[in-house]
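A.B. asks: Next one to model:
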Amino acid sequence: MRIHILQHVDFENPGSIVDWTQEKQFPVAYTPFYLGESLPLLGDFDLLVVMGGPMSIFDEETHPWIKDEKLFIKDAISSGKKVLGICLGAQFVADALGAKVFRNTEKEIGWFSLQKPVGTNHPLLDRFPETTFQAFHWHGDTFEIPKGATRLFQSEATKNQAFIFENRVIALQFHWEVKPENVKLLLQHSSSDITPESFVQSPQAMLARMEYFELSRNYLNRILRYLEKQ
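C.D. replies: Numbering: from 1, shown residues only. From the prediction side, this is the model:
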């Protein structure tokens, strides 16, 4: 499976996604927008991964490439590609599918638990027998669930944390790809986001539980293995 990663800033990299691709020996290519790189051809990849970033999907004036990225993601979905969006990337995917993206009532930064929505059934959720899941968050925006998609996870601060569309397009508002170094990079470059609010942890708390990173890697691998088989 050929993988292409859209990366918006150098400090939000694919983390453990790359570990998984190396274990599988899948070829990986990148479009680093921060370096002015152009988008690939749709025929060049099987799975498109859209990473996070500090900008909004509406910041087209300050980041002109956003307009092209939106069209590209929409075309990738329409052409039957597998797509995984993470945080900002999840918002791009929601927008491409016609759903509203908007400011959440709460910022959510740090480790906060997820739950499966009551009454939701989907084959992907069969891979998650647990009742709660630790996840790392760093977002202020959220999205509605697109028409035809299934909501997968929720948290106390954010009702719509993830969805799946046509069994091959997955959006995750949170960061299961993070390693400790990913969190340290976010703290280095986006520390101004950390304000005293209900769902904002201290930097010390974000790095206090090393076992959460291994759990996240395990959860993400379940998502990636599911996409691999579609």
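A.B. asks: any idea how far P129 is from the residue nearest the centre of the chain?
C.D. replies: Central residue of the chain (C-alpha atoms, centre = their mean): I86, 1.0 Å from the mean position. Look at I86 and P129: by C-beta to C-beta, to the nearest Å, they are 23 Å apart. Backbone N, C-alpha and C define where each C-beta goes, glycine included.
A.B. asks: Equivalent analysis for I223, please.
C.D. replies: 15 Å.
A.B. asks: Excluding covalently adjacent residues, which one is nearest to Q230?
C.D. replies: Spatial nearest neighbour of Q230, excluding adjacent residues (C-beta to C-beta, 6 or more residues apart in numbering): R168 at 4.7 Å.
A.B. asks: For that neighbour, which residues are in contact?
C.D. replies: G80, K81, K82, V83, L227, Q230 (C-beta atoms under 8 Å, 6 or more residues apart in numbering).
A.B. asks: And R217, its phi and psi?
C.D. replies: Main-chain torsions, R217, degrees, to the nearest 10: phi -60, psi -40.
A.B. asks: where does the residue of the chain most remote from its centre land on pLDDT?
C.D. replies: Centroid-distance maximum for the chain: P196 at 24.5 Å, with C-alpha atoms, centre = their mean. On pLDDT, P196 comes in at 91.
A.B. asks: now it, what's its secondary structure?
C.D. replies: Secondary structure for P196, judged by DSSP: H, G, I helix; E, B strand; the rest coil, is coil.
A.B. asks: Wait, A96 touches K81, no?
C.D. replies: No - under the criterion of C-beta atoms under 8 Å, A96 is not in contact with K81, lying 11.5 Å apart.
A.B. asks: before we move on, the earlier item: mind checking pLDDT for the residue nearest to Q230?
C.D. replies: According to the per-residue confidence, R168 scores 98 in pLDDT.
A.B. asks: start at 188 instead
C.D. replies: Fine by me, first position is 188 from now on; the one you just mentioned is R355.
A.B. asks: how far away is it from I192?
C.D. replies: Per C-beta to C-beta, R355 is found 17 Å from I192.
A.B. asks: now N347
C.D. replies: Per C-beta to C-beta, N347 is found 24 Å from I192.
A.B. asks: circling back to that earlier point, what's the most distant pair in the contacts of R355?
C.D. replies: G267 and L414 (13.0 Å; C-beta to C-beta).
A.B. asks: out of those two, which sits in the busier spot?
C.D. replies: Each of G267 and L414 has its neighbours counted (other C-beta atoms under 10 Å); L414 has more, 21 against 11.
A.B. asks: contacting residues for the nearest residue to H191 once chain neighbours are set aside?
C.D. replies: Once flanking residues are discounted, H191 sits nearest to F232: 3.8 Å by C-beta to C-beta, 6+ apart. F232 makes contacts with R189, I190, H191, A216, K268, as judged by C-beta under 8 Å, 6+ apart.
A.B. asks: In helices, which of those residues fall?
C.D. replies: Taking DSSP state H, every one of the contacts of F232 sits outside helices.
A.B. asks: and the residues you listed, which are buried?
C.D. replies: Neighbour-count burial (16 or more other C-beta atoms under 10 Å) applied to the contacts of F232 gives I190, H191, K268.
A.B. asks: and those as a markdown table, adding distance to T208?
C.D. replies: Putting the buried ones among the contacts of F232 into a markdown table (distance: C-beta to C-beta, whole Å) gives the following:
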| residue | distance to T208 |
| --- | --- |
| I190 | 6 |
| H191 | 11 |
| K268 | 16 |
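A.B. asks: Quote the end-to-end distance of stretch 193-212.
C.D. replies: End-to-end distance for stretch 193-212: 19 Å, by C-alpha to C-alpha, to the nearest Å.
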